[in-house]
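> Structure for the following, please:
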Amino acid sequence: MSQGRDDAGRFEETVTEQDILKVFDYEDDPVLTTTEVADGLRRFGKSITSEGVRRRLEGMTEEGLVSRKKFGARAVGWWAEVAPELDAETVDRVETRKESDEWTEL
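Next up is the predicted model:
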């Protein structure tokens, strides 16, 4: 079995929609490029290419979770339409770390 594949040989999802939405919450700018989302995911220990992020964001657009706008021939900005679901303990931890540069997996 290859790395990143399940027992049936299908690729396993390692980056969830919640992970992607979490990046939008942590960034100061509400509109992000796919590269910025990929970089943000790496801060949480998640590895995905910018192209992978683009495909995931396009799917999330169809679900109404994110929206996008073209800013030129190749420039696209994305923003979250919903917030990630956080439990109460995580909300407290986020508030405590809001002003720091510390990025950790929640």
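> you'd agree residue 78 is in a strand?
Yes: assessed with DSSP: H, G, I helix; E, B strand; the rest coil, residue 78 lies in a strand.
> Would you quantify the distance from it to residue 63?
Between residue 78 and residue 63 the computed distance is 13 Å (Cβ to Cβ, to the nearest Å). (Glycine included, C-beta is placed from N, CA and C.)
> residue boundaries of the helices in the chain?
17-26, 34-43, 50-62, 88-97 (DSSP state H).
> In a markdown table: those, plus distance to residue 71.
Shown next, in a markdown table, are the helices of the chain (distance: least, Cβ to Cβ, whole Å):
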| stretch | distance to residue 71 |
| --- | --- |
| helix 17-26 | 17 |
| helix 34-43 | 13 |
| helix 50-62 | 15 |
| helix 88-97 | 29 |
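> what residue ranges in this protein are flagged as low confidence?
Low-confidence segments of the chain, defined by pLDDT under 70: 1-13, 86, 99, 101-106.
> who's in contact with the spatially most central residue of it?
The centroid of the chain falls nearest to residue 20 when counting by Cα atoms, centre = their mean (1.6 Å). Listed by Cβ atoms under 8 Å, 6 or more residues apart in numbering, the contact set of residue 20 reads 37, 41, 53, 56-57, 60, 66.
> Distance check, residue 97 against residue 26.
Applying Cβ to Cβ to residue 97 and residue 26 gives a distance of 9 Å.
> Ok, residue 96 next?
14 Å.
> Neighbour count for the two, which is higher?
residue 26 (15 against 10; other Cβ atoms under 10 Å).
> More neighbours: which of residue 78 and residue 63?
Each of residue 78 and residue 63 has its neighbours counted (other Cβ under 10 Å); residue 78 has more, 24 against 10.
> May I ask you to confirm that that one is in contact with residue 33?
Yes: Residue 78 is within contact range of residue 33, at 7.3 Å (criterion: Cβ atoms under 8 Å).
> Can you show me the CA trace of stretch 62-71 as PDB?
Extracted in PDB, the C-alpha atoms of stretch 62-71 (Å, rounded to 0.1, in the frame of the first residue of the first chain):
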ATOM      1  CA  GLU A  62     -20.000  24.600  -4.600                       C
ATOM      2  CA  GLU A  63     -21.000  23.800  -1.000                       C
ATOM      3  CA  GLY A  64     -21.200  27.500  -0.100                       C
ATOM      4  CA  LEU A  65     -18.300  27.300   2.400                       C
ATOM      5  CA  VAL A  66     -16.000  29.700   0.500                       C
ATOM      6  CA  SER A  67     -16.200  32.300  -2.300                       C
ATOM      7  CA  ARG A  68     -13.800  33.600  -4.800                       C
ATOM      8  CA  LYS A  69     -13.000  36.500  -7.000                       C
ATOM      9  CA  LYS A  70     -10.700  36.800 -10.000                       C
ATOM     10  CA  PHE A  71      -8.300  39.800  -9.800                       C
END
